[in-house]
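Novice: sequence unknown, structure follows:
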């Protein structure tokens with residue numbers, strides 16, 4: 001964890017960056033620390049169904065991170081959650097991704113989000129306004145940036161996950177590729193600007209025509225994909241923190 005002076009300096013730097021930039025809920029709760037480890041890393045995993053998928057059988061991305069790192073991982077990720085979500089009650093229960101944050105002594109926060117805002121919010125058509133509300137073209141403003149900055153001010157490092165791409169057949173979200181690419185390009189720019197923020201892209205993970213990385217709906221990750229993604233996150237955390 002950051003020393004007090006380092007944490008203060010980081011918070012001030014993040015504040016300068018921000019100031020310069022213009023009902024039924026299905027929940028997966030995870031608390032995994034069954035692998036012995038002295039002072040295990042503490043990780044919070046937030047997001048939508050990409051993060052929560054396979055949680056009921058212990059094969060979600062947060063489960064894989066916990067197993068690989070021997071970390072304590074908690075996840076309030078909710079299927080259908082959005083970054084921009086207007087309803088106050090269900091939003092507070094986790095349908096608004098920023099509201100999933102729980103105060104704690106987190107070393108890392110892993111999160112994703114934005115896909116539902118584009119797919120459900122504007123049908124991946126004429127989405128420029130929605131994209132700008134999520135994150136500006138330069139990666140300095142928008143709801144995603146505000147969520148990430150609030151997390152960084154606590155001292156936790158952040159890993160923001162990109163989405164899988166369609167293998168080119170049989171997916172309802174094939175037409176969202178252009179908008180998804182732009183969203184992730186903006187998140188990558190944010191990560192370049194802010195120390196302690198890391199972006200993991202999975203745009204090249206799925207080979208053309210390979211359906212094995214997707215569940216039967218061809219939208220969500222398969223167990224195989226969740227495993228590879230979780231291990232990629234664990235590898236990044238291990239490299240950055242010496243875990």
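Specialist: Arrived safely, thanks for sending. The model shown is predicted, which means the values in this text are computed figures rather than measured ones.
Novice: those strands in the protein, which residues are they?
Specialist: Remark: strands assigned in the chain by DSSP state E are 31-32, 42-46, 72-74, 108-111, 157-161, 197-200.
Novice: give me the residues contacting whichever helix in the chain runs longest.
Specialist: In the chain, with assignment by DSSP state H, the single longest helix is helix 223-241. Helix 223-241 is contacted from outside by 41, 43, 53-54, 59-65, 67-69, 71, 107-108, 110, 157, 159, 161, 164, 198, 200, 202, 205-206, 212-214, 221, 243, using CB atoms under 8 Å, 6 or more residues apart in numbering. Backbone N, C-alpha and C define where each C-beta goes, glycine included.
Novice: likewise for stretch 208-221?
Specialist: Applying CB under 8 Å, 6+ apart, the external contacts of stretch 208-221 come out as 49-50, 53-54, 61, 164, 166-173, 205-206, 222, 224-225, 228-229.
Novice: mind checking which of those are buried?
Specialist: Among those, those buried by neighbour count (16 or more other CB atoms under 10 Å) are 49-50, 53-54, 61, 164, 166-167, 171, 173, 205-206, 222, 225, 228-229.
Novice: from those, which is closest to residue 137?
Specialist: Lowest distance from residue 137 to the buried ones among the contacts of stretch 208-221 (CB to CB) belongs to residue 173, with 22.4 Å.
Novice: that closest one and residue 129: what is the separation?
Specialist: From residue 173 across to residue 129, the span is 20 Å (CB to CB, to the nearest Å).
Novice: same check on residue 60?
Specialist: Going from residue 60 to residue 129 by CB to CB gives 32 Å.
Novice: where does the prediction get shaky in this structure?
Specialist: 1-38, 170, 243 (pLDDT under 70).
Novice: give the contact list for residue 176.
Specialist: Residues in contact with residue 176 (CB under 8 Å, 6+ apart) are 115, 118-119, 124.
Novice: again with residue 199
Specialist: 159-160, 162, 184, 187-188, 190-191.
Novice: any chance of these in TSV, plus distance to residue 141 and neighbour count?
Specialist: TSV is the format used below for the contacts of residue 199 (distance: CB to CB, whole Å; neighbours: other CB atoms under 10 Å):
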residue	distance to residue 141	neighbour count
159	21	22
160	16	24
162	20	23
184	17	22
187	13	26
188	15	16
190	9	25
191	15	19
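Novice: so which pair among those is furthest apart in space?
Specialist: The largest distance within the contacts of residue 199, taken as CB to CB, falls between 159 and 184 and amounts to 13.6 Å.
Novice: what are the ranges of the helices in the chain?
Specialist: 4-19, 49-52, 61-69, 88-90, 115-119, 128-134, 143-152, 177-193, 223-241.
Novice: looking at the buried ones among the contacts of stretch 208-221, which one is closest to residue 134?
Specialist: Closest approach to residue 134 among these (CB to CB): residue 50, at 15.4 Å.
Novice: hmm, the closest one is touching residue 173, no?
Specialist: No: with contacts counted by CB atoms under 8 Å, residue 50 stays clear of residue 173, the gap being 11.6 Å.
Novice: name the residues contacting each of those two.
Specialist: By CB under 8 Å, 6+ apart, residue 50 and residue 173 have these common neighbours: residue 115.
Novice: distance of residue 113 from residue 62?
Specialist: 14 Å.
Novice: now list the buried members of the contacts of helix 223-241.
Specialist: 41, 43, 53-54, 59-65, 67-69, 71, 107-108, 110, 157, 159, 161, 164, 198, 200, 202, 205-206, 213-214, 221, 243.
Novice: correct me, but residue 181 touches residue 203?
Specialist: Yes: using CB under 8 Å, residue 181 is in contact with residue 203, at 7.2 Å.
Novice: overlap in contacts, the two.
Specialist: Shared contacts of residue 181 and residue 203 (CB under 8 Å, 6+ apart): none.
Novice: and residue 104, how far from residue 154?
Specialist: As judged by CB to CB, residue 104 and residue 154 stand 9 Å apart.
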